[in-house]
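**Q** I would like to see how this sequence folds:
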Amino acid sequence: MSVGVLFTQGLVTGDPHTVLGEILEQAEAADRLGFSAALTTEHKYSEEYFGSPLHLAFAIAARTRRVKVGTAIAIAPLYNPVELAQDAAMLDQLSGGRAWLGLGAGYMPVDYSTVGVSWDDRAQRFDETVRILRAAHTRDRFSFADEIYSFDDVSVIPKPVQAGGVPLHLAAWTPGGLRRAGRLADGWITNALMSLPTMSAMAADYRAAAEAQGRTPHVTSIRFCWPYTSREAALEEFGDTALAMARTLFDYGAITDLPGVTSSSEITLEEFVKDRFVFGTPQECVETIGRFRDEAGVDDFLMIFRYPTGPDNAAVLQAMELFGTEVLPALERPAVPA
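**A** Alright, predicted model coming up:
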């Protein structure tokens, strides 16, 4: 089991140059502290997120030596698939074989309208894009024809360093998306705020789909994360920001497993700390991660320490340091039998 870092911040917290510099500083910290990955994400529609995740991944690759670099997630249907394959292969070459692609279909129609792509055929676009990426990375030349895309005698040069191409992991939380991940991908990525019971049920469906295709399933869970030595200070630094983010994502339709909740104003921090966040002392973080591993079969984690509106860079670096020095080593030690 490995634990990486996912960067989500955009322009809300300052000018672009400063915010991007802080992301790079956090990526360097992740590399130094023993995290497994330093990945980026995107939305196209607002200042809350940057919209060019692979460009940022290239910069992270240049500033790090060991972490995986790439996306979790890039909205795959918004890209030309051959160009995406070329960019991913180049990232793999320049990083020395560290590229990792998490792809999703997105859940906001405005992401599509912003760049003039049809929302209605996104599932077909996503399916074809993943198949094209796989062909581009594993075949010297290839042709492709389906409902959306048609390419004849194409070659992507250079090929990735990694045998079999850049790993492709797909985000999903619908039955069709889980089947797609099982059929086409190297792994499934959860969303950041689904509960443990929801994740367990979806992981079972995904694993069944992957095994039916002869694939080895792999589950990567994105989690909001904040380790602390003082709960009072943690709630002040993290609580309001994380709760606001959860309420925003509920309003966007990204949280669908809160029975009886009809308004984001009804959401409480306690609900999310219970079985959605990794929040607590280092030992409590270890125990929470162990629950997700044991009950949902999570193989790897991507932790979000910072959101578009905070906490600030100094607090994030301090939290990463605490996690890297006290949580990561504990995860590597075998559990002591009760």
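**Q** which residues does the most centrally placed residue in the chain contact?
**A** Geometric centre of the chain, nearest residue: Ala72, 3.0 Å, by Cα atoms, centre = their mean. Residues near Ala72 by Cβ atoms under 8 Å, 6 or more residues apart in numbering: 6, 37, 39-41, 100, 102, 169, 171, 189, 220, 222, 302. Where you see a C-beta, it was placed from the backbone N, CA and C, and this is true even at glycine.
**Q** ranking those by neighbours, who comes first?
**A** Counting neighbours by other Cβ atoms under 10 Å, Leu39 leads the contacts of Ala72 with 30 neighbours.
**Q** Please tell me how far it sits from Ala61.
**A** Per Cβ to Cβ, to the nearest Å, Leu39 is found 11 Å from Ala61.
**Q** Spit out the residues that contact the two alike.
**A** Joint contacts of Leu39 and Ala61 (Cβ under 8 Å, 6+ apart) are Val69.
**Q** sorry, back to before: surely the residue nearest to the centre of the chain is in a strand?
**A** Yes. The assignment for Ala72 by DSSP: H, G, I helix; E, B strand; the rest coil puts it in a strand.
**Q** how close does it get to Ala99?
**A** Taken as Cβ to Cβ, the span from Ala72 to Ala99 is 12 Å.
**Q** Work out for me the element Gly14 sits within.
**A** Under the criterion of DSSP states H and E, Gly14 resides outside all helices and strands.
**Q** How many residues are close by it?
**A** Neighbour count for Gly14, taken as other Cβ under 10 Å: 14.
**Q** Tell me how far Thr114 lies from Tyr252.
**A** Distance of Thr114 to Tyr252, given as Cβ to Cβ: 15 Å.
**Q** go on, Phe279?
**A** 22 Å.
**Q** and if you look at Glu266?
**A** Taking Cβ to Cβ as the measure, Glu266 falls 16 Å from Tyr252.
**Q** so Trp100 makes contact with Gln162?
**A** No. Applying Cβ atoms under 8 Å as the test, Trp100 and Gln162 come out as separate, 9.3 Å apart.
**Q** rewinding a little: least trustworthy position among the contacts of Ala72, going by pLDDT?
**A** Of all the contacts of Ala72, Thr41 carries the smallest pLDDT score, 94.
**Q** quick one, phi psi at that one?
**A** As for Thr41, its main-chain torsions (degrees, to the nearest 10) stand at phi -140, psi -180.
**Q** residues contacting it?
**A** 6-8, 49, 53, 71-74.
**Q** List buried residues within those residues.
**A** 6-8, 49, 53, 71-74 (16 or more other Cβ atoms under 10 Å).
**Q** Between those, which sits nearest Glu284?
**A** Glu284 has its nearest neighbour among the buried ones among the contacts of Thr41 in Leu6, at 20.8 Å by Cβ to Cβ.
**Q** helix/strand/coil for that closest one?
**A** The three-state label given to Leu6 by three-state DSSP is strand.
**Q** Name whatever forms a beta bridge with it.
**A** Leu39 (DSSP bridges).
**Q** isn't it right up against Tyr307?
**A** No. Taking contacts as Cβ under 8 Å, Leu6 lies outside contact range of Tyr307: 10.8 Å.
**Q** Tell me how far the residue nearest to the centre of the chain lies from Ser263.
**A** Using Cβ to Cβ, Ala72 is found at 29 Å from Ser263.
**Q** rewinding a little: which of Phe279 and Tyr252 has more residues huddled nearby?
**A** For Phe279 versus Tyr252, neighbours defined as other Cβ under 10 Å are more numerous around Phe279 (24 against 13).
**Q** and the more buried one, that one's in a helix?
**A** No. Residue state for Phe279 (three-state DSSP) corresponds to strand; a helix is not indicated.
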